[in-house]
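Colleague: Coordinates for the following, if possible.
(chains A and B)
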Amino acid sequence: MISRLLAAFVFCMSATVALVDELRGTGDLGVIVERAAGSLQIIETTTQTSLGRVEGLGDLSHASVVFSRDGRHAFVFGRDGGLSRVDLLTATVANRVIQAGNAIGGAISDDGRLVAVSNYEPGGVRVFDAANLEPVADIPATYGQADARSKVVGLVDAPGRRFIFTLYDAGEIWTADFDADNTASIERFTDIGELPYDALITGDGRHYIAGLFGEDGLAHIDFWADTPRVERILDGYGRGEEPLPVYKMPHLEGWALAQGRLILPAVGRHELLVVDASTFEEVGRIPVHGQPIFAVAQPDGRQVWVNFAHPLNDTIQVIDTQSLAIVHSFTPGKAALHMEFTPRGEHVWISVRDEDRVDVYDTQTFDLITSLPVDKPSGIFFTARANRIGL
Amino acid sequence: MRILMSFLCVMLSGIAVATLAVLAQAGSALDVARQSELQHLVRHDCGSCHGMTLKGGLGGPLLPEALEGKPADALADVILDGVPGTPMPPWRGLLTRDEAIWIARYLKQGAEQ
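Modeller: Coordinates of the predicted model:
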């Protein structure tokens, strides 16, 4: 009995220090946001296990995460303006600052040196040294009358130490180019359309696309053009139809590019839009179960996985990108909010918020592999994102 | 006279607040299970735009200070009909008027308490 207790004790001790003591890489690590508790679980995708929990990260509702290029540190953007640098190997908070009153996400520069945060209050972007979270730059999102500040959405990194972001209230897209001395030069694109609510950049860093809530259509900039300018794409899609009430804004970061086509959630419709990725013209629509939130391509681009807004958020559908047919529908449970693929895409991890669970599925067979207990899980982020533009 | 008036106002608003509090806790015909569902809806679904702690996000804050001077009836209309031209959707169809009024009162007295 005593030896068994002792063994259990030794096991517990070794479990808590395993991360520190063992030499290990970070390529199969990731984090799951526990939105209500303000904590992260650190997970490992090779054997699908939780390695530890990091607490005290503030309000993590709608939190997002980017990674240092060595995959060791997660930068966690909290809703309350908290920015935390979490060491995945020691499961500790290395640095933490409260940099604004209300924030929505962030990005890390291509050289891994700068971390930028997009803020609602005060509206703008703040930039920090990725090594220690010391402040580097403050970019107020001013527009119109001198004092007006816009909420900032759709902040992404782009090649050339550049960040691109969108001003929700102003209807503008800005770029901030940082030189070697960390001085930013700002370029503004105005009159992009009404109420841009989120944006994405394609994985090659070429196309930046902002979704517009105030009108049908999207604002697009080709940053490989000699003189980049804003063009309207999919102008007036669905005009004449009565859109449904939108209970949750679609997220554009997950927009899928596969087989030369973009597959995007339509706003206020039970549809995905299929768009030719070279001409940006609509080439089709896919009727789906509800209003799509995320449409995410598997890393190989063979399938796109879609989840839906309240009150139909218990279901996930899988689209084959060649036939554009729905090849699988299933019901993981109440509030299936977020999906993240392992680096090569053999598994997908799915947050089931209202059932306090993260499920791992095989993407070929659609079989459930395992489930992990997680407190009100929302975003799932794997370190493979460190090596991709715009994530 | 002015002092008397303001005293009366304070008295009246005090009574109104007390009444609202009682109504919100016990008053309406909603059973406890539905009230708990609505609390969850406020925190997580309203919260997806207004922030889980209701401090505001893409949508404005829904804390009691922010809703001061707005009658529960009018707030219920906003919940049911939405705000055209903004992302605030109409919740009619998912919520009854009684439920919208319950949420309005719940927000006004401080959902987080």
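
Colleague: show me where pLDDT drops low in chain A?
Modeller: Applying pLDDT under 70 to chain A picks out residues A:1-21, A:237-243, A:254.

Colleague: try chain B
Modeller: Within chain B, the segments meeting pLDDT under 70 span B:1-28, B:112-113.

Colleague: Residue numbers of chain B in contact with chain A?
Modeller: B:40, B:44-45, B:47-49, B:51-53, B:55-58, B:82, B:85-87, B:89-91, B:93-94 (CB under 8 Å from any CB of the partner chain). All C-beta atoms are positioned from the backbone trio N, CA, C, and that covers glycine.

Colleague: Quick check: PyMOL command selecting the buried ones in those residues.
Modeller: Burial among the residues of chain B next to chain A is assessed by 16 or more other CB atoms under 10 Å in any protein chain shown; the matching PyMOL selection reads:
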select buried, chain B and resi 44+45+47+48+49+51+52+53+55+56+57+58+82+87+89+90+91+94
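
Colleague: From the chain's centroid, how far away is stretch B:48-66?
Modeller: Relative to its chain's centre, stretch B:48-66 lies at 12 Å (CA atoms, centre = their mean, to the nearest Å).

Colleague: One more: stretch A:147-155?
Modeller: 18 Å.

Colleague: bridging residues for A:R149?
Modeller: A:T142 (DSSP bridges).

Colleague: hey, where'd the helices end up in chain B?
Modeller: B:2-22, B:32-40, B:47-50, B:64-67, B:72-81, B:97-108 (DSSP state H).

Colleague: burial of the residue lying closest to B:D77 once chain neighbours are set aside, as a residue count?
Modeller: Ranked by CB to CB, 6 or more residues apart in numbering or on different chains and with sequence neighbours excluded, the top spatial neighbour of B:D77 is B:A100, at 8.0 Å. B:A100 has 23 neighbouring residues, counting by other CB atoms under 10 Å in any protein chain shown.

Colleague: any idea how far B:A100 is from A:V153?
Modeller: 28 Å (CB to CB, to the nearest Å).

Colleague: cool, A:I350 as well?
Modeller: 25 Å.

Colleague: again, but for A:G345
Modeller: 28 Å.

Colleague: Among these two, which residue is more densely surrounded?
Modeller: Between A:G345 and A:V153, counted using other CB under 10 Å, A:V153 has the larger neighbour count: 24 against 17.

Colleague: quick one: which helix or strand includes the more buried one?
Modeller: strand A:152-158 (DSSP states H and E).

Colleague: which neighbours does that strand have in its sheet, and in what orientation?
Modeller: As assigned by DSSP bridges, strand A:152-158 forms pairs with strand A:162-167 (antiparallel).

Colleague: Contact residues of the stretch 1-150 of chain A facing chain B?
Modeller: Counting by CB under 8 Å from any CB, the stretch 1-150 of chain A comes close to chain B at A:35-36, A:59, A:61-62, A:79-80, A:101-102, A:104, A:120-121.

Colleague: Which one of the residues you listed is nearest to chain B?
Modeller: Taking CB to the nearest CB as the measure, A:S61 is the one of the residues of the stretch 1-150 of chain A next to chain B closest to chain B, at 3.2 Å.

Colleague: Is it correct that that closest one is in contact with B:M52?
Modeller: Yes - contact criterion CB atoms under 8 Å: A:S61 and B:M52 qualify, at 3.2 Å.

Colleague: which residues do these two both contact?
Modeller: Here A:S61 and B:M52 have A:35-36, A:79 as joint contacts, going by CB atoms under 8 Å, 6 or more residues apart in numbering or on different chains.

Colleague: Return the alpha-carbon coordinates of stretch A:162-172 using PDB.
Modeller: Provided in PDB are the C-alpha atoms of stretch A:162-172 (Å, rounded to 0.1, in the frame of the first residue of the first chain):
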ATOM      1  CA  ARG A 162       4.500  44.500 -42.100                       C
ATOM      2  CA  PHE A 163       1.100  44.300 -40.300                       C
ATOM      3  CA  ILE A 164      -2.200  44.900 -42.100                       C
ATOM      4  CA  PHE A 165      -5.400  45.700 -40.300                       C
ATOM      5  CA  THR A 166      -8.900  47.100 -40.800                       C
ATOM      6  CA  LEU A 167     -10.700  49.900 -39.000                       C
ATOM      7  CA  TYR A 168     -14.300  48.800 -38.300                       C
ATOM      8  CA  ASP A 169     -15.900  52.200 -37.600                       C
ATOM      9  CA  ALA A 170     -13.900  54.100 -40.200                       C
ATOM     10  CA  GLY A 171     -14.100  51.600 -43.100                       C
ATOM     11  CA  GLU A 172     -10.400  51.700 -43.800                       C
END
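
Colleague: what about whatever residue of the stretch 101-250 of chain A ends up closest to chain B, neighbour count?
Modeller: Closest residue of the stretch 101-250 of chain A to chain B, CB to the nearest CB: A:P245 (3.5 Å). Using other CB under 10 Å, A:P245 has 16 other residues around it.
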